[in-house]
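# Could you work out the structure for the sequence below:
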Amino acid sequence: MIWGKYTMVQCPICLKYFKHINNMHLKSHKLTTKEFKILYPENNTCSEEFSKIRSESNRKQMLEIHNSSSEEYLKLRYKNIGVGRKVAWDNCPPERRKILIDECYKPLIDYNNNPENKAKNIKKLQIHLKIIIKIWILKLK
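Prediction:
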């Protein structure tokens, strides 16, 4: 199907057409991109035309950032690229670690201990198991 200047890709699950099958759409099917690609390896999530346009747009944006920014800004922008999270955590002061634990990890633990959320996680596990079984079957063939 063609829409404007884009060839559309069809979702093999709901049969709707998109310029790009994104994570939000896959979420409606309770799938991640990785799971989708395992279940439907022959399907693209993006049309070639849309992919080229998006790549060119990203390239232009990065060129604009590099051409219009000072060397100091660029050094700050890329300063932490490649620095692992462990290094950042090791350099984090104890007071900040406590704040991070209170703000991030405790709510996550509470969320995972909630019976309603445990049921959701079981459903996700069932989906993952189906995918794993399908992969094993494909490997055995």
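
# Check which residues of whatever helix or strand Asn67 lives in are buried.
Asn67 is part of helix 48-68 when elements are defined by DSSP states H and E. Neighbour counts over helix 48-68 (16 or more other Cβ atoms under 10 Å) mark Phe50 as buried. Where you see a C-beta, it was placed from the backbone N, CA and C, and this is true even at glycine.

# Averaged pLDDT, it. What do you get?
For helix 48-68, mean pLDDT is 87.

# what separates it from the chain centre, distance-wise?
Taking Cα atoms, centre = their mean, to the nearest Å, the mean C-alpha location of helix 48-68 is offset from the chain mean by 20 Å.

# And the strands in the chain?
Taking DSSP state E, the strands of the chain run over residues 2-3, 6-7, 9-10, 17-18.

# Now do the last one, average pLDDT.
The one in question is strand 17-18. Mean pLDDT, strand 17-18: 88.

# The first one now?
When pLDDT is averaged over strand 2-3, the result is 58.

# Repeat that for the second one.
When pLDDT is averaged along strand 6-7, the result is 73.

# what sits against His128?
Residues in contact with His128, defined by Cβ atoms under 8 Å, 6 or more residues apart in numbering, are Glu35.
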